[in-house]
Each structure stands twice: as C-alpha cells, then as structure tokens.
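In: Need coordinates for the following:
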Amino acid sequence: MPNTNSLTFRLIASAAIWTILALVIGGLVLSGVFRSVLQSSFDAQLTFDMDGLIAATESDVPDHVTLEGRFADPRFERIFSGWYWQIRPTQPVNANPQPETSRSLWDQTLSPQNLVRGDNADGNTLWGYATGPDQQQLRVLMRRIALPSETEDGTQQTQLFEFVVGGDVAETEADVGRFNRTLFWSVLVFSLGLIAAMLIQVRVGLMPLRRVSEALARIREGRARQLEGEFPSEIAPLAGELNGLIAHSSEVVGRARAHVANLAHFLKTPLTVLANEAAASSGPLADTVSRQVNAMRRQVDHYLARARAAGALDVLGSRTEVAPVLNDLARVIKRMHPDKDIAIQINVSPALAFRGEREDLEEMAGNLVDNACKWAHGNITVEAMPLDGTLFSLRVGDDGPGLRPDERSRAMERGERLDESVPGTGLGLAIVRDIAKLYGGKIALDESPMGGLEARLELPRAR
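Out: Next comes the predicted model:
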C-alpha cells in the first residue's frame, strides 16, 4: 500500500472518494428510477383491471351489480392470491347491503386508507393502500361510478358505486430488492475495477518521479554522476536543474578542497623551516619552539583531515571499493615499519564499498593499521564485513600488549598519548573518530581475540 503522505495515496484516495460517491449517488438514482418504473407499471395494471371491471359491471337492481363473463382473470379467482376487487354502493337503498367481491377475497372486505388523488385524475379516482386478507400490503385504486338501475316499479334511477381494485406490492418490492442487490454488487465490482485502474494509472503516471528518485539514489551511492535517461517534458526541467545543482556543488567543493590543500602546503613549509632552525639550535627557546611546532603540526593535520572529510560529504556520488584500499594500505604500511616482521591478514567481503571518498577511507584505515603496526608483536588482522542496514564494519586487531578499559577511553581523547616511546602525534584515533562521525559512523576499542587491541569502525556502505 502506498504511504499515506505520498502523492500516489492522495491522488488515488481523492479519485476513489469522488468515484465511489458518484457511483453511490448514481446507484441511488437508478434504484429510485427502477422503483418508480415498477410503481408506474403496477399502477397501470391496476388501471387496466379497473377499466375492465367497470366495463363488465351492470346494475340490475338497487344496491346490487352483476359482472358479465367477459371480465375473467384467474388472478382474481385464486383465494388470497394478492389481487382483489370490490364493489359496493356509496349510498345504499337497503340496510347493510353486502358488497360484491372477487373470489380471491373469500369472505373478507377491503378498507382503503390514505387515499389521495392521482395525477391528472378527477375527484372520483383515488389511490391508496389497504391490508389484504392475508395481512398483505395492497396498493389500491378506487373509483366512484354511477350506474343506471331499474326499481321494482319499473322506473330508471342512477346509483353511485365504489369500485376498488387492489394488488399485493410484495412482488414489486421483491423485484426492487433483487435489482438493488444486483446493483450493489455491480457498483462494488465496478468501484473496485475503477480503483484498480486508477492505481495503475497513477503508478504509471508517477513512474518518472520514481525514476528520478532511483537516479538520485544511484548518484548518492556513487554509481552515477548525474541524472541519466529520458524524462517527460514536465520532469525534464527538474532533472536539468538537479544536474546543474550537482555539477555546481562538485565545482564548489573542488575549489574548497584545492584551497585546503594550498593552505596545508603554505603552513607546512614555514613549520618545517621553524622545526629545522629549532633542531639546529639549543637552549630553552629552541625546545619551546620545537614543542610548539610539533603541536601546530598535529593540529594542522587534524583539522585539515576534518575539513577534507566535511567537504567530501557535500559531493554526491562518492563510492570507494574497500578491498583495494586495504590491500594498498597493507603494502605501504609494512614498508613504513621495516624493522618489524609483521604479517597483515586482510579479510574483506566481496564487492564491499564505502559510501565516501577514497582519501577519507585511507585516512581512517591507515591510522588504525599504522597504530596496530606500532604495537603488534607480529600479527595484525584487518576484517571488513557488511552489517544490517546500510553500514559495514572495519575491524583492525593486533597481538600487542593491548590497553586497559580506562586507557582505551583516554586513547580516544584528542592529543592523549599513552606512551611517548612510540613515535606519533597521538591524534590518529581522534582523527578517525571525527571523520567517522562526519559520515554518521562510530569507532570503539576492545580486546582483540589475539590478546591485543581491536579497533571496530562502523561506516556507511554503498550498494
């Protein structure tokens, strides 16, 4: 499922809400129209039956009517069939005359209720409802018709009769129910189909944005230097601006790193001159100058390393293979310690890459391996393996004397040297810690399986 804070979710949710709302309203309208059509058809059938009943009715004597044989409908012959008719005088001549009823009513009578005048009908035509003999809900049509009759003395008179025709609405309601169920499932399936179509449409429509995201990920991981590929006209300006921004950022960082290198060269030359002059002289002043020059060299090296690492973080596309860097460092550092017979064992996971500059990885790994060479008796292990997520671990262990827990924390402090007999500035671990922190990594010291010290470094891994 798409994230609720994504364009995909917003587009699909808004379209789905309006689509479902429109389908529901359309379904209600269709259901109402269908019910109205059935009601009109039902009323037309009642009107047809009423006209046939009136045409077949004759009044032979007051308060009594007879039906000719041409009005014959089997629905009105089955008892409690749901279709009934009834005829009775509105102003009877005799007391309590019995109404004429269809056979389907058996011995029951109809009592219409809630009568209203129909559309385009005179006052003698009324529509309403009644309860049937089997507790049926009946739709009834009632008309008052004047029929001529002959009295006992042979005179002609006109008498008003009330004609009622009714039909059970259960069949209509059942038809409406079946239609509504069919309509519900049709709307549901149609809604799901539309939502699926919208999902595909939005996914396909937003695919160029995902391609931009994937291209940026390749740049961040060092697999590309700019956005590559063809993009739609709406996305092409964005891709062009991003490529321009990446190029400008690389240019600015490159100039800054060149200035840092120039500054390092400018500072190191005067410091070297001062150190040589102090070494050629003796006395308290020469010793003071020598100590201050060494301190300045250490601080310059430290902050230049941090500045270079901080500048590298602003450059997209940095990716460094770990194995070549460690193998090169092992060969170079062994030559830096010719007085020691040291075996450096390298164990690197295949295709492992550091998401950063090669110079920074060389700076961190070089300091750790160099420290191990200074203290090791003869064996050093360097292991680089991927961790969960986007990190990998770099472990450098030796078989030297190691450090106590309190000495390990002191060794991580900037400028803290535990043994002045070993050459160095004492800033190696601090530089490693600061550079790793800039990349979001960390370093820890522990006891090595070989008995000495082991430095564990965690750094971001490039895919």
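
In: Show the average pLDDT along the helix or strand hosting Ala286.
Out: For Ala286, the host element (DSSP states H and E) is helix 284-313. Mean pLDDT, helix 284-313: 69.

In: What ranges does the stretch 151-300 of the chain have for its helices?
Out: With helices called from DSSP state H, counting those that start in this stretch, the stretch 151-300 of the chain shows them at 170-205, 207-220, 236-280, 284-313.

In: Centre of the chain to the longest one, how far?
Out: For helix 236-280, the gap between its own C-alpha mean and the chain's C-alpha mean amounts to 44 Å (C-alpha atoms, centre = their mean, to the nearest Å).

In: what packs against that helix?
Out: If you count contacts as 3 or more C-beta pairs under 8 Å, 6 or more residues apart in numbering; DSSP states H and E, helix 236-280 packs onto helix 207-220, helix 284-313. No exception for glycine: its C-beta is placed from N, CA and C like everyone else's.

In: Please apply the same query to the shortest one.
Out: If you count contacts as 3+ C-beta pairs under 8 Å, 6+ apart, helix 207-220 packs onto helix 236-280.

In: average pLDDT for the helix it packs on?
Out: 75.

In: residues in contact with Gly128?
Out: Shown in contact with Gly128 (C-beta atoms under 8 Å, 6 or more residues apart in numbering): 112-116, 140, 142.

In: Could you rerun that using 10 Å?
Out: 112-116, 118, 138-142, 164, 166 (C-beta atoms under 10 Å, 6 or more residues apart in numbering).

In: How about it: what's its closest non-neighbour residue?
Out: Nearest residue to Gly128, sequence neighbours excluded (C-beta to C-beta, 6 or more residues apart in numbering): Leu115, at 3.9 Å.

In: contacting residues around the helix or strand containing the one you found?
Out: Element membership of Leu115, judged by DSSP H and E, is strand 113-117. With C-beta under 10 Å, 6+ apart as the test, strand 113-117 has contacts from 123-131, 140-142.

In: After that strand, which helix or strand is next?
Out: strand 125-131.

In: Following element in sequence after the helix or strand bottoming out on mean pLDDT in the chain, please.
Out: Scoring the helices and strands of the chain by mean pLDDT, DSSP states H and E places helix 284-313 at the bottom, with a mean of 69. As assigned by DSSP H and E, the chain's next helix or strand after helix 284-313 is strand 320-321.

In: got the CA coordinates for stretch 373-386 in CSV?
Out: Extracted as CSV, the C-alpha positions of stretch 373-386 are listed here (Å, rounded to 0.1, in the frame of the first residue of the first chain):
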residue,chain,number,x,y,z
CYS,A,373,51.8,-2.0,13.4
LYS,A,374,53.4,0.2,16.1
TRP,A,375,52.2,-2.1,19.0
ALA,A,376,51.8,-5.5,17.4
HIS,A,377,54.4,-8.3,18.1
GLY,A,378,54.0,-9.9,14.7
ASN,A,379,50.3,-10.4,13.6
ILE,A,380,47.6,-8.0,12.5
THR,A,381,44.1,-8.8,11.2
VAL,A,382,42.0,-6.5,9.1
GLU,A,383,38.4,-7.5,8.5
ALA,A,384,35.6,-5.7,6.7
MET,A,385,32.1,-7.1,6.6
PRO,A,386,28.6,-5.7,5.9
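
In: which parts of it are buried?
Out: Of all the residues in stretch 373-386, those buried under the rule 16 or more other C-beta atoms under 10 Å are 373-376, 379-384.

In: do stretch 337-353 as well
Out: Buried residues in stretch 337-353 (16+ other C-beta under 10 Å): 342, 344, 346, 348, 352-353.

In: Start and end of that stretch, how far apart?
Out: From its first residue to its last, stretch 337-353 covers 28 Å (C-alpha to C-alpha, to the nearest Å).

In: which one of the buried residues of stretch 337-353 is nearest Glu251?
Out: Ala353 (24.6 Å; C-beta to C-beta).
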